[in-house]
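# Below: sequence and its predicted model.
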Amino acid sequence: MNSLSFLNHELERFPSPEYALSDPNGLLAIGGDLQPARLIAAYYEGIFPWFNADDPILWWSPDPRAVFVPGSIKISRSMRKFLKKQDWQYTINQAFEQVMAGCSAPRSNQDGTWITSDIQSAYLELHQQGHAHSLEVWQQGELVGGLYGLAIGQVFCGESMFHTQTNASKAAMIALHQHLLKKGFKLIDAQVMNPHLDSLGAKAIKRDDFLKLLKRFRDKVPCPHSWEKTEVAIEI
């Protein structure tokens, strides 16, 4: 039977994702905190936080789940031509805080943002501990796009992306795919399917299947130095 759990501030095991509500899809628990240990425990079990500024902390594990296999991203012919014309540079972990700030900016069709100051502080701490990472897109020294997420073993859990130049967030995803493929990652969790992810080649799979893949790869070790600060390139 599906049921909603209420968490206190003591770190405790999350309920199994199978108990998540179907309406709203995937809502599993309320409360707790955003301490690093709890966040890592959540992602390890296929759970992530998402809530508006005035809400309590809400924890989710939706069904179905949007995923990529590293390297499976769709790159259209027009996108290939576009990227070849750009003088963009791509880096790993060079500007995590700036990327989060870019992702937190309200979209044109939104009144606010779910990436609150508390979320930014929590994930910055995860970054400083070596768990959360960013990929940046630069144009002549200006940050024009990027994304961030968590690495759990050989699984990358994507959180958000942004762009100030057309296609910069798509370029960030392409660069991420190619980087993760080289570094031995096996799965990218994109959380909830949307038209943008679908256009890039994401697949919607059953939550049970996602959790099986997560359990298979979450304790595996990717290549050493996967997240050292460095410049990367897109191969078109």
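Yes, it's here.

# which stretches of this protein aren't confidently modelled?
1, 11-12, 107-113 (pLDDT under 70).

# where do the strands sit along it?
Remark: strands assigned in the chain by DSSP state E are 5-7, 27-31, 48-49, 58-60, 65-68, 89-92, 132-139, 142-152, 155-163, 187-191, 203-205, 230-232.

# Take these and write them to a markdown table, including distance to Tyr123 and mean neighbour count.
(C-beta placed from N, C-alpha, C; glycine too.) Formatted as a markdown table, the strands of the chain follow (distance: least, CB to CB, whole Å; neighbours: other CB atoms under 10 Å):
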| stretch | distance to Tyr123 | mean neighbour count |
| --- | --- | --- |
| strand 5-7 | 19 | 15 |
| strand 27-31 | 19 | 19 |
| strand 48-49 | 10 | 22 |
| strand 58-60 | 15 | 23 |
| strand 65-68 | 20 | 23 |
| strand 89-92 | 16 | 19 |
| strand 132-139 | 5 | 24 |
| strand 142-152 | 7 | 23 |
| strand 155-163 | 7 | 23 |
| strand 187-191 | 15 | 23 |
| strand 203-205 | 25 | 16 |
| strand 230-232 | 21 | 13 |
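
# In a markdown table: those strands, plus distance to Cys223.
Below are the strands of the chain laid out as a markdown table (distance: least, CB to CB, whole Å):
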| stretch | distance to Cys223 |
| --- | --- |
| strand 5-7 | 35 |
| strand 27-31 | 32 |
| strand 48-49 | 25 |
| strand 58-60 | 30 |
| strand 65-68 | 18 |
| strand 89-92 | 13 |
| strand 132-139 | 14 |
| strand 142-152 | 11 |
| strand 155-163 | 13 |
| strand 187-191 | 15 |
| strand 203-205 | 24 |
| strand 230-232 | 13 |
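
# Please name whichever of those strands is nearest to Thr116.
strand 48-49 (10.5 Å; CB to CB).

# If you count contacts, what does the closest one end up packed against?
Applying 3 or more CB pairs under 8 Å, 6 or more residues apart in numbering; DSSP states H and E, we find strand 48-49 packed against helix 36-44, strand 58-60.

# hmm, back to that, so which of the strands of the chain comes closest to Gln98?
Per CB to CB, nearest to Gln98 of the strands of the chain: strand 142-152, 5.4 Å.

# who does that closest one touch, helix- and strand-wise?
By 3+ CB pairs under 8 Å, 6+ apart, strand 142-152 packs against helix 36-44, helix 96-104, helix 117-128, strand 132-139, strand 155-163, helix 168-182.

# ok, the residue nearest to the spatial centre of the chain to Phe82 distance?
By CA atoms, centre = their mean, the chain has its centre lying nearest to Gly158, at 1.2 Å. Look at Gly158 and Phe82: by CB to CB, to the nearest Å, they are 22 Å apart.

# now swap in Asp209 and tell me
For Asp209 relative to Phe82 (CB to CB), the value is 34 Å.

# quick one on the thing from earlier: pretty sure the residue nearest to the centre of the chain is touching Phe185, no?
No - with contact defined as CB atoms under 8 Å, Gly158 does not reach Phe185; the gap is 11.5 Å.

# shared neighbours, the two?
With contacts taken as CB atoms under 8 Å, 6 or more residues apart in numbering, Gly158 and Phe185 have no neighbour in common.

# shouldn't Ala190 be in contact with Asp198?
No - at 10.0 Å, Ala190 does not count as touching Asp198 under the criterion of CB under 8 Å.

# ok, and the closest non-adjacent residue to the residue nearest to the centre of the chain?
In this structure, Gly158 finds its nearest non-sequential neighbour in Gly149, 4.2 Å apart by CB to CB, 6 or more residues apart in numbering.

# now swap in Leu143 and tell me
Closest to Leu143 by CB to CB, 6+ apart is Gln98, at 5.4 Å.
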